[in-house]
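Chemist: Build me a structure from this.
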Amino acid sequence: MNTGNTKRERLFSVTKKDLTVKTFKSGGPGGQHQNKTDSGVRITHKDSGAFGESRSHKSQYRNKKEALHRLVKHPKFKIWLNIKSHEVITKKTIEQSVEEMVQPQNLKVEVRGEIGKWEEIL
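Modeler: Here you go, the predicted model:
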């Protein structure tokens, strides 16, 4: 058990402004309640295009909670999160980081020589 005082800093926040929340009539099993109320929820993250949707509960609140959980597990959101974290930590875009990495001094080019061994091209 770690009892140390480790302080975690927030890199950035995702707020309601970053999301689009739409409600709809769920339909399906669950009786008339689902057919009359907008209990189904679809949450879309604008920057990544990731979404989460839930219509399995009668409660709109529970569906929102489940839709948000599904959103953060979506592959597009995970990719966006990694890119955004990289940019905040390094203060560079991914493109800038890649450009730095592919400078000639960072590359090593090799070809197979006449006897089959790899030889570096200078």
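Chemist: Show me the helices in the chain, by range?
Modeler: Counting by DSSP state H, the segments of the chain that form helices are 32-36, 60-73, 75-90, 94-101.
Chemist: for those helices, which one sits closest to residue 19?
Modeler: With C-beta to C-beta as the criterion, residue 19 lies closest to helix 60-73 of the helices of the chain, at 7.9 Å. All C-beta atoms are positioned from the backbone trio N, CA, C, and that covers glycine.
Chemist: Just want the angle from the closest one to helix 75-90.
Modeler: Using axes from the mean of the first three to the mean of the last three C-alpha atoms, to 10 degrees, the inter-axis angle of helix 60-73 relative to helix 75-90 is 60 degrees.
Chemist: Who are the packing partners of helix 60-73?
Modeler: Other elements packing on helix 60-73 under the criterion 3 or more C-beta pairs under 8 Å, 6 or more residues apart in numbering; DSSP states H and E are strand 19-24, strand 40-45, strand 51-54.
Chemist: at 10 Å instead, please
Modeler: strand 19-24, strand 40-45, strand 51-54, helix 75-90 (3 or more C-beta pairs under 10 Å, 6 or more residues apart in numbering; DSSP states H and E).
Chemist: will you turn those into JSON lines that also has mean pLDDT?
Modeler: Shown next, in JSON lines, are these (pLDDT from 0 to 100):
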{"stretch": "strand 19-24", "mean pLDDT": "96"}
{"stretch": "strand 40-45", "mean pLDDT": "96"}
{"stretch": "strand 51-54", "mean pLDDT": "96"}
{"stretch": "helix 75-90", "mean pLDDT": "95"}
